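turn this into a structure:
(4 chains)
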There are 2 protein chains.
Amino acid sequence: MSNKSVTLEQVAAHAGVSPSTVSRILNGTAVVSDDKKQAVAEAIRTLGFVPNPVARGLAGGRTLSIGVVTQAIDSPFYGAALRGIEEQLGQAGYSPLFVSGHWNAAEEARCIEVLRSRRVDGIIVLTGRLSDAALRAVSRQLPVVVTGRSLKAPGLFSLNFDNQTGARLATEHLLSLGHRRIAFIGGDPLHPDALERERGYRAAFAAVGLPVDESLISAGAYHEESGREAVERLLDAGRRFTAIFSANDQMAFGAALALHRRGLRVPQDVSLVGFDDLAASSYTIPPLSSVHQPMQELGRLAATAMLDLLAGRKPGVAMPAPQLVSRESTAAA
Amino acid sequence: MSNKSVTLEQVAAHAGVSPSTVSRILNGTAVVSDDKKQAVAEAIRTLGFVPNPVARGLAGGRTLSIGVVTQAIDSPFYGAALRGIEEQLGQAGYSPLFVSGHWNAAEEARCIEVLRSRRVDGIIVLTGRLSDAALRAVSRQLPVVVTGRSLKAPGLFSLNFDNQTGARLATEHLLSLGHRRIAFIGGDPLHPDALERERGYRAAFAAVGLPVDESLISAGAYHEESGREAVERLLDAGRRFTAIFSANDQMAFGAALALHRRGLRVPQDVSLVGFDDLAASSYTIPPLSSVHQPMQELGRLAATAMLDLLAGRKPGVAMPAPQLVSRESTAAA
DNA sequence: TTGTACGCGTTATCAC
DNA sequence: GTGATAACGCGTACAA
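Numbers count the residues shown, from 1 in each chain, chains lettered A, B, ... in the order given. I've put the predicted structure just below:
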């Protein structure tokens, strides 16, 4: 643990070459003779040289850091994605810089300003409320990878999950168990994916030629409390249903609690399916059936795409298809 | 959204002063005449100048960023603390740089190297496995705030939660409900707090003159699966108990699932108390009684302490006392 | 293939 | 009070 850090210049002196040569070797900017390469490599080793990213940022305009706009740093949903990003970027020597937009377009815009002022090399946006236009504008100056949308633009790559198919899978699962009166707890309508999930729910009914009972659709806001309220509203209105498909797991947790409070058992009285397959969902009582959304993988893919963008390559990653994980919260009608 | 960023030099030109004066005004480094102050302020406004943290870092040795060593970026436990840190630092113009040590001393050491190479102004360590000596060494070069320990050193501030009292509260709660055969699921013994929580459990028994039944103590590792296994081990060994105190909520979730699988109801057959009071604990079935650990507050306090340290002030923050949150997982024996 | 010289945007150290 | 000037550590034209 040396106190004063070794500089590239010292390495150059030690190796008997010029600083630029060291720089070139470090960045692979040009072909360098093998013997000098050796000498520099050794100098780096013996001196314990570590490049200074700050200086690098000033000089080369690259900071080896990637801004990541998430919605809340403690979100159980995005958390896994952050982990995937961190993992993948770390391997390439990049550091993520996490900022939280709190589902607020203005705040997200501020976040992006902060990231730009910190000279990040690129920005990964996890869903968010920013307009597509705003995102495109950013992508004109920095590589951008965005999840939860399908956008096309130069310097911008988007990675979207097939929410509709996922929701359809969940609903079909319930249908195939013999359920017909299936309530739907919707997500925050400001999220495009919430709408897609509702479409999937409807599509499943349409596919078997059954009508959707609109009175069984209850709006939520993607958090636990809203799931609880949605179920209470349904119950208070005297709606009858044998199953619930919740647009995300967090609302499903709230829904389960509401059912429990009213003396309804899962899955004996009501089957329950969520969406996202959070880590916690394996340990609820009963363990929750859910549409698996591979968030950590998503994070890795987003990071990989960013690395591709940075290297001038065309990202070739794609999202895995939705999959239903059947646990113990669903049973035959 | 200007493309090319305005520099301090341009501001100086616009205001008709020297760059140094602008810098002085920005940093309050020296007294500047009011008229120049006005002129510079206006130039900054009209030009939309934003200081470049990267250049600042190179020149002044300050990057306005604070390294935060957490254990996993998606940990439901540390997540809230990260949020508190982000909040508090943001208000002061600092950005947190999160890195994950994954409960591994070597990895944490690497994290700290990364943070130092990125020239963070200070480091906040959330618990972790680093030795006290290593932490002290770091604090000789950078301000350090560490949680989950009680260390004293110049340039180092520690913020510890009273785990023993918390655990004692939980156990006393069970005792006061008439429970006598109270199983204890321990935490990862590599965490000092795990030991403290066990001591609290024992202290509660000692206080009422009751012996602890060692066969009711089952080791866990702080994650859900280990809680499940711990309970299964107890049950398989034929141990009888009417309550469980789990050293954290995550293990309590696992424990609840194990009980459920064996047909044991919470709280009718077995009362259950956790520790940490995770956000999710309000929505388990039944909602979990737990010792509230104010993680977000902890994060805010740690950040505040860091800002104090940075400003040369002696941090004056202190942790709130433990509090038991009684929900529906506990009932009279 | 390699070295020289300069610039990146800001702060610190001097003089004035 | 204020303004030159020199760093900070590295990347990169440009020259050789």
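
grab the nearest non-local neighbour of residue A:120.
residue A:67 (3.9 Å; Cβ to Cβ, 6 or more residues apart in numbering or on different chains). Every C-beta, even on glycine, is put in place using the N, C-alpha and C of the backbone.

which bits of the stretch 151-300 of chain A sit near chain B?
Proximity of the stretch 151-300 of chain A to chain B (Cβ under 8 Å from any Cβ of the partner chain) is limited to residues A:224, A:228, A:253-254, A:256-257, A:260, A:279-280, A:282-287.

tell me which element the spatially most central residue of chain A falls in.
Geometric centre of chain A, nearest residue: residue A:81, 4.3 Å, by Cα atoms, centre = their mean. For residue A:81, the enclosing helix or strand under DSSP states H and E is helix A:76-91.

what's the helix or strand following that helix in contact with?
The helix or strand immediately downstream of helix A:76-91 is strand A:95-100, counting by DSSP H and E. With Cβ atoms under 8 Å, 6 or more residues apart in numbering or on different chains as the test, strand A:95-100 has contacts from A:64-73, A:82, A:85-86, A:89, A:107, A:111, A:114-115, A:118, A:120, A:124, B:73, B:83, B:86, B:95-99, B:114, B:118.

make it 7 Å
With Cβ atoms under 7 Å, 6 or more residues apart in numbering or on different chains as the test, strand A:95-100 has contacts from A:64-73, A:82, A:85-86, A:89, A:111, A:114-115, A:118, A:120, B:86, B:95, B:97-98, B:114, B:118.

how is chain A carved up into domains?
A:8-51, A:65-161+A:295-321, A:163-292 (automatic domain parsing).

now residue A:250: closest residue in space, sequence neighbours ignored.
residue A:224 (5.1 Å).

about what we covered before: so who does the residue nearest to residue A:120 touch?
A:97, A:99, A:115, A:120, A:123.

then residue A:221?
Contacts of residue A:221 (Cβ under 7 Å, 6+ apart): residue A:188.

next, give phi and psi for it.
phi -130, psi 20 (degrees, to the nearest 10).

please report how far it lies from residue A:228.
To residue A:228, residue A:221 is 11 Å away according to Cβ to Cβ, to the nearest Å.

who touches both of the two?
Joint contacts of residue A:221 and residue A:228 (Cβ under 7 Å, 6+ apart) do not exist.

show me the contacts for the closest residue to residue A:23 other than its chain neighbours.
Closest residue to residue A:23 apart from its sequence neighbours, by Cβ to Cβ, 6+ apart: residue A:8 at 6.4 Å. Counting by Cβ under 7 Å, 6+ apart, residue A:8 touches A:19, A:22-23, A:51.

ok, now residue A:192?
A:148-149.

chain neighbours aside, what residue packs nearest to residue A:305?
residue A:315 (3.7 Å).

sorry, that was for residue A:152
Using Cβ to Cβ, 6+ apart, the nearest residue to residue A:152 is residue A:158, at 7.5 Å.

what residues sit buried inside the host helix or strand of that neighbour?
Residue A:158 belongs to strand A:156-159 when assigned by DSSP H and E. Across strand A:156-159, burial judged by 16 or more other Cβ atoms under 10 Å in any protein chain shown covers A:156-159.

and residue A:203, how far from DNA strand D?
50 Å (Cβ to the nearest atom of the strand, to the nearest Å).

residue A:297 too?
From residue A:297 over to DNA strand D (counting by Cβ to the nearest atom of the strand), the distance is 32 Å.

do residue A:216 as well
Counting by Cβ to the nearest atom of the strand - residue A:216 and DNA strand D are separated by 59 Å.

any regions of the stretch 1-150 of chain A where pLDDT drops low?
A:1-4 (pLDDT under 70).

50 instead?
Applying pLDDT under 50 to the stretch 1-150 of chain A flags residues A:1-3.

need the helices for it, in chain order.
Secondary structure of the stretch 1-150 of chain A (DSSP state H, counting those that start in this stretch): helices at A:8-15, A:19-27, A:34-47, A:53-60, A:76-91, A:105-117, A:132-139.

cool, the stretch 151-300 of chain A as well?
A:163-176, A:192-207, A:224-236, A:249-261, A:295-310.

which of the ones you listed is buried the deepest?
helix A:249-261 (a mean of 26; mean count of other Cβ atoms under 10 Å in any protein chain shown).

also compute the angle for that helix relative to helix A:224-236, please.
40 degrees (axes from the mean of the first three to the mean of the last three Cα atoms, to 10 degrees).

off-centre distance for helix A:249-261?
A distance of 24 Å separates the centroid of the chain from that of helix A:249-261, by Cα atoms, centre = their mean, to the nearest Å.

okay, it in CSV with CA atoms only?
Taking C-alpha atoms only, helix A:249-261 is exported to CSV below (Å, rounded to 0.1, in the frame of the first residue of the first chain):
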residue,chain,number,x,y,z
ASP,A,249,-44.3,-9.7,-7.6
GLN,A,250,-44.2,-6.8,-5.2
MET,A,251,-47.9,-6.2,-5.7
ALA,A,252,-48.5,-10.0,-5.5
PHE,A,253,-46.9,-9.9,-2.0
GLY,A,254,-49.4,-7.2,-1.0
ALA,A,255,-52.2,-9.1,-2.6
ALA,A,256,-51.3,-12.2,-0.7
LEU,A,257,-51.4,-10.3,2.5
ALA,A,258,-54.9,-8.9,1.7
LEU,A,259,-56.1,-12.3,1.0
HIS,A,260,-54.7,-13.6,4.2
ARG,A,261,-56.4,-10.9,6.2
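
DNA strand C contacts on chain A?
A:16-21, A:24, A:30-33, A:35-36, A:58-59 (Cβ under 7 Å from any atom of the strand).

between the residues you listed, which is nearest residue B:206?
residue A:58 (61.0 Å; Cβ to Cβ).

contacting residues for the closest one?
Counting by Cβ under 7 Å, 6+ apart, residue A:58 has contacts B:54-55, B:58.

out of those, which are close to DNA strand D?
Okay, of the contacts of residue A:58 touching DNA strand D (Cβ under 7 Å from any atom of the strand), that's residue B:58.

and residue A:160, how far from residue A:152?
On the measure of Cβ to Cβ, residue A:160 and residue A:152 end up 12 Å apart.

OK, contacts around residue A:63?
Residue A:63 neighbours (Cβ under 7 Å, 6+ apart): A:53, A:56-57, A:119-121, B:54.

please redo it, this time with the cut-off set to 10 Å
Neighbour list for residue A:63: A:53-54, A:56-57, A:94-95, A:97, A:118-121, B:53-54, B:57, B:118 [criterion: Cβ atoms under 10 Å, 6 or more residues apart in numbering or on different chains].
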